[in-house]
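Engineer: What follows is a predicted structure for the sequence shown.
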Amino acid sequence: MDEEYDAIILGTGLKECVLSGLLSVSGKRVLHMDRNGYYGGACASMYLEQLFEHFGKKDCDVSGYGKSRNWNVDLIPKFLMADGVLVKLLIYTGVTRYLEFKQVDGSYVFKAGKVHKVPGTEAEALSSSLMGFFEKKRFRNLLQFAFKYEEDQPSTHEGLDLTKVPMQQLYEKYNLDTNVRDFV
């Protein structure tokens with residue numbers, strides 16, 4: 001490796017990959033390296049063997065779970081908005097060759113020993129056991145406020161500037177309990 005490079009990028013997290021991709025697309029010679037045996041840094045997706053090793057369980061038998069490579073467990077789950085600037089940047093740099101995009105079918109929360117679907121529609125919210133009757137009404141009021149809110153229309157703000165107000169203040173305004181705050 002006695003070649004010359006315009007840039008040397010250390011680490012394979014998302015920022016490093018995007019930077020490397022941008023430099024490469026613009027014609028720069030880039031050496032991109034990582035000290036780990038997997039890509040992604042702190043937000044890597046790992047096979048089962050890698051995951052167990054990462055958490056100090058090097059000699060665990062994972063054969064009972066099927067093939068290790070059939071699993072991909074994210075250390076930090078990632079969500080990208082479908083039409084966001086980041087997605088356009090990833091496509092432009094070619095990094096998408098190494099990514100897999102999937103539509104999110106739903107969000108789930110673990111509560112009281114059970115997995116519950118976080119309501120995504122009005123019908124799901126009404127039938128959900130995550131909230132009681134009064135809590136559902138208060139949560140609905142928060143969602144209606146959010147849907148009506150237009151940044152350039154102060155009449156929709158109800159006295160709140162969402163660029164300055166922390167989420168805690170919205171929870172308090174709509175009297176949402178800790179249970180709802182946890183899954184929101």
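Structural biologist: That came through, no problem. Numbers count the residues shown, from 1 in each chain.
Engineer: now the strands: where do they sit in the protein?
Structural biologist: Counting by DSSP state E, one finds strands in the chain at the ranges 7-10, 30-33, 45-46, 73-74, 108-111, 114-117.
Engineer: Please identify the most buried of those.
Structural biologist: Scoring the strands of the chain by mean neighbour count under mean count of other CB atoms under 10 Å gives strand 45-46 as the most buried, with a mean of 20. Yep, even glycine has a C-beta here, placed from its N, CA and C like the rest.
Engineer: Check which helices and strands it is in contact with.
Structural biologist: Under the contact criterion of 3 or more CB pairs under 8 Å, 6 or more residues apart in numbering; DSSP states H and E, strand 45-46 touches strand 73-74.
Engineer: hang on, the earlier thing: what would the strands of the chain look like in TSV with mean pLDDT and distance to residue 65?
Structural biologist: Below are those laid out as TSV (pLDDT from 0 to 100; distance: least, CB to CB, whole Å):
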stretch	mean pLDDT	distance to residue 65
strand 7-10	95	33
strand 30-33	93	31
strand 45-46	82	13
strand 73-74	80	11
strand 108-111	78	20
strand 114-117	82	19
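Engineer: now these in CSV, with distance to residue 165?
Structural biologist: Output for the strands of the chain, formatted as CSV (distance: least, CB to CB, whole Å):
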stretch, distance to residue 165
strand 7-10, 38
strand 30-33, 41
strand 45-46, 35
strand 73-74, 31
strand 108-111, 25
strand 114-117, 28
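Engineer: So which residues of the protein form helices?
Structural biologist: Ranges of helices within the chain are 14-25, 48-54, 85-93, 122-127, 133-148, 167-173, 178-183, based on DSSP state H.
Engineer: With mean pLDDT and distance to residue 110 as added columns, please give those in CSV.
Structural biologist: Compiled in CSV, the helices of the chain are given as follows (pLDDT from 0 to 100; distance: least, CB to CB, whole Å):
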stretch, mean pLDDT, distance to residue 110
helix 14-25, 88, 26
helix 48-54, 85, 19
helix 85-93, 77, 28
helix 122-127, 79, 17
helix 133-148, 87, 19
helix 167-173, 91, 21
helix 178-183, 80, 10
